[in-house]
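>>> No sequence on hand, only this structure:
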């Protein structure tokens, strides 16, 4: 049994050797000389050796035929060298190796003294080149052919030396030939070994650099996950704690206080989740810019509504300077631009002391017939950033230093996301800072501007309030809500209750299709969840659109789902839906869709 196990082990080792070093390509990529470099080296060496052979032939055999034959060798090699590039060197090396192995070496052997010359040294060079240049079955067949040719030549030389082998004329030329062969073979072996050492050392250095880089990335991700756990648990703790407090207190003031804190913590938690989703889009190269018409003034109103609470809480002063030359109507991704400014202002607020000073300055750098370049600068008098910390500032999962997340909080994602957004808007972002002297973050973006705003609709303040005629029309409407989660049904009912809108609920896609098929004229709109049991929202929407009635083609179907990536929205549209609302949603989201499709 022990002998059988040993034989099995030896068999596995031999198979592993053959597959890894002979039949595989791993060796050629990592431990052997680069194929293309060696091929060019072999050609150049062959050309030099060919010319030396011509000289030796002229000295020994001054007949015209032999001279022409030997001169053809370096000429052919020069031709191969000129015609070889990165696209055809693999085929050319095989085309060159076959005649060298089958014709070149036997001719050299028999016309250059046989074993009483440097031919055997050249045979060793041939073995080296074949071993390094070829792999797999090609290598095995070429090596077998070369070995068989060598053995046959040596055997024929032994039996018919005086008949088949042309000896070198003088003893001096024998020594000369051996010396040349020794020099050439020594150079080949030495160069290959040195190249191997260089390649190995370079590979080791590269692997070490990659290892260090991987360890740093792993450590950064571990720190990020730890920070993220803390960032998520903090608002969750506030939500759970304030929910318990709100349930326990009896006075309305205490309940309102708890509800306000729950709302703030929920908004903060949603911001963290949004950052994580944006990072996922960046890693998947799916973060997109959606251009819309907007004004800088309206954009800043949105930004201020987000950051004013933090600024007021720390009693800080925010000074804004807006260039009057900025066009009133711009075309760009308003939401993403607001996200960048909000991130920078939030960081300035976070790292500045109480009663500190923060400045926001937006200027027009350039303007031509259709495009303009805006520059935005956010400065603060906070803790500042060292030069070494600035090199890591915009890297994924990293903050200026590890202690920042513990002291000030944050995920370390905001600046990375901001940098990507700015780059997508054909701009760049930079920081100027010194420790203890505050920081200035500056970015520029390229936007389009309208030559005449009168051709575009005026900006109208968005509001969820409905007029009396709107409310009267909604009371006469009924919508179908396809949602399998009971609490989500309850939320939609509660949000829309003041409108008097009637809502029928379906617990899955199959039920939604059935309810609409039985009364297609009953509903004016469908809110469709995507992930539901039995039949999902995509299939349900497709089946509704295929029903044989006019209302099935016309009724607005709006997806209501937590799947918010661009491909998710496109998938909803491809299924026949009209629009998309991302969860978690609020009253304004619902009102916007009702105004758009029902009123």
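Looks like it arrived, so ask away. Computed from a predicted model, the values in this text were never measured in an experiment.
>>> Do me a favour and average the pLDDT over whichever helix in the chain runs longest.
When the chain is parsed with DSSP state H, its longest helix is helix 171-248. Average pLDDT, helix 171-248: 78.
>>> which residues of the chain fall in strands?
292-294, 317-322, 330-332, 357-367, 371-380, 428-433, 439-449, 478-482, 502-506, 525-528, 557-561, 579-582 (DSSP state E).
>>> Tell me which of those is the most buried.
Highest mean neighbour count among these (mean count of other Cβ atoms under 10 Å): strand 525-528, with a mean of 26. In this view, the C-beta of every residue, glycine as well, is placed from N, C-alpha and C.
>>> That strand: how far from the chain's middle?
With Cα atoms, centre = their mean, to the nearest Å as the basis, strand 525-528 stands 36 Å off its chain's centre.
>>> what does it rub up against?
477, 479-483, 492, 509, 512, 516, 537, 540-541, 544, 555-560, 577, 581, 593-594, 597-598 (Cβ atoms under 8 Å, 6 or more residues apart in numbering).
>>> Note down every partner strand of it and its orientation.
Here strand 525-528 is paired, per DSSP bridges, with strand 478-482 (parallel), strand 557-561 (parallel).
>>> Figure out which of these is closest to residue 147.
strand 557-561 (68.4 Å; Cβ to Cβ).
>>> Give the full set of residues in contact with the nearest residue to residue 549 once chain neighbours are set aside.
Among residues not flanking residue 549 along the chain, residue 520 sits closest, at 5.0 Å (Cβ to Cβ, 6 or more residues apart in numbering). Neighbouring residues of residue 520 by Cβ under 8 Å, 6+ apart: 547, 549, 551, 552, 555.
>>> Filter those residues down to the buried ones and hand me the ChimeraX line.
This is the ChimeraX syntax for the buried subset of those, where burial follows 16 or more other Cβ atoms under 10 Å:
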select :552,555
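>>> Helices - which of the contacts of residue 520 land there?
Per DSSP H, these map to helices at 551, 552.
>>> Redo the contacts of residue 520 as a markdown table? Include pLDDT and distance to residue 109.
Listed next are the contacts of residue 520 as a markdown table, based on pLDDT from 0 to 100; distance: Cβ to Cβ, whole Å:
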| residue | pLDDT | distance to residue 109 |
| --- | --- | --- |
| 547 | 91 | 86 |
| 549 | 88 | 91 |
| 551 | 90 | 92 |
| 552 | 90 | 87 |
| 555 | 93 | 89 |
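>>> what sits opposite residue 449 in the beta ladder?
Residues in beta-bridge contact with residue 449 (DSSP bridges): residue 330.
>>> List the contacts of it.
By Cβ under 8 Å, 6+ apart, the neighbours of residue 449 are 327, 329, 330, 331, 367, 370, 371, 372.
>>> can you check residue 131 too?
Residue 131 neighbours (Cβ under 8 Å, 6+ apart): 139, 143.
>>> Surely residue 558 touches residue 593?
Yes - counting by Cβ atoms under 8 Å, residue 593 is a contact partner of residue 558 at 5.3 Å.
>>> overlap in contacts of the two?
Contacts common to residue 558 and residue 593, judged by Cβ under 8 Å, 6+ apart, are 525, 579, 581.
>>> Give the buried residues for stretch 293-307.
In stretch 293-307, counting by 16+ other Cβ under 10 Å, buried: 294, 295, 296, 299, 300, 303, 304, 306, 307.
>>> repeat for stretch 569-585
The neighbour-count check on stretch 569-585 (16+ other Cβ under 10 Å) flags 569, 571, 572, 575, 576, 577, 578, 579, 580, 581, 582, 585 as buried.
>>> Quick check: the farthest pair among those residues?
Farthest pair in those, by Cβ to Cβ: 576 and 585, 21.0 Å.
>>> just for the stretch 351-500 of the chain, where's the confidence low?
396-412, 451-468 (pLDDT under 70).
>>> got the contact list for residue 272?
Counted by Cβ under 8 Å, 6+ apart, residue 272 has contacts 228, 231, 232, 235, 411.
>>> With distance to residue 428 and pLDDT as added columns, please give the shared contacts of residue 558 and residue 593 in CSV.
Putting the shared contacts of residue 558 and residue 593 into CSV (distance: Cβ to Cβ, whole Å; pLDDT from 0 to 100) gives the following:
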residue, distance to residue 428, pLDDT
525, 44, 92
579, 35, 90
581, 34, 88
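>>> Generate CSV for these, with distance to residue 421 as supplementary columns.
Shown next, in CSV, are the shared contacts of residue 558 and residue 593 (distance: Cβ to Cβ, whole Å):
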residue, distance to residue 421
525, 34
579, 24
581, 23
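>>> Pick out the residue closest to the middle of the chain.
Nearest residue to the geometric centre of the chain (Cα atoms, centre = their mean): residue 283, 4.9 Å.
>>> That residue and residue 413: what is the separation?
Distance of residue 283 to residue 413, computed by Cβ to Cβ, to the nearest Å: 11 Å.
>>> Likewise for residue 97?
Counting by Cβ to Cβ, the gap from residue 97 to residue 413 is 56 Å.
>>> Next: residue 152.
71 Å.
>>> again with residue 315
Distance of residue 315 to residue 413, given as Cβ to Cβ: 28 Å.
>>> Between these two, tell me which one has more neighbours.
Between residue 315 and residue 413, counted using other Cβ atoms under 10 Å, the more crowded position is residue 413 (24 against 10).
>>> From residue 298, how far off is the more buried one?
For residue 413, the distance to residue 298 - Cβ to Cβ - is 26 Å.
>>> got it, and residue 551?
Counting by Cβ to Cβ - residue 551 and residue 298 are separated by 38 Å.
>>> and if you look at residue 152?
90 Å.
>>> go on, residue 135?
Taken as Cβ to Cβ, the span from residue 135 to residue 298 is 65 Å.
>>> Also residue 550?
Taking Cβ to Cβ, one finds residue 550 at 40 Å from residue 298.
>>> same question, residue 441
Residue 441 is 22 Å from residue 298, by Cβ to Cβ.
>>> Can you give me the buried ones in stretch 165-178?
In stretch 165-178, the ones that count as buried by 16+ other Cβ under 10 Å are 165, 168, 173, 174, 176, 177, 178.
>>> what would those residues look like in TSV with distance to residue 564?
As requested, these are exported to TSV (distance: Cβ to Cβ, whole Å):
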residue	distance to residue 564
165	83
168	83
173	84
174	84
176	81
177	78
178	78
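>>> Just flag the most distant two among these.
Once Cβ to Cβ is applied, the buried residues of stretch 165-178 give 165 and 176 as the farthest pair, at 18.1 Å.
>>> end to end, how far does stretch 529-548 reach?
The first residue of stretch 529-548 is 23 Å away from its last residue (Cα to Cα, to the nearest Å).
>>> now swap in stretch 167-176 and tell me
14 Å.
>>> before we move on, the earlier item: which one of the buried residues of stretch 569-585 is nearest residue 255?
residue 585 (23.8 Å).
>>> dump the residue contacts of the closest residue to that closest one other than its chain neighbours.
Among residues not flanking residue 585 along the chain, residue 560 sits closest, at 6.9 Å (Cβ to Cβ, 6+ apart). Shown in contact with residue 560 (Cβ under 8 Å, 6+ apart): 483, 527, 528, 529, 530, 581, 583, 585.
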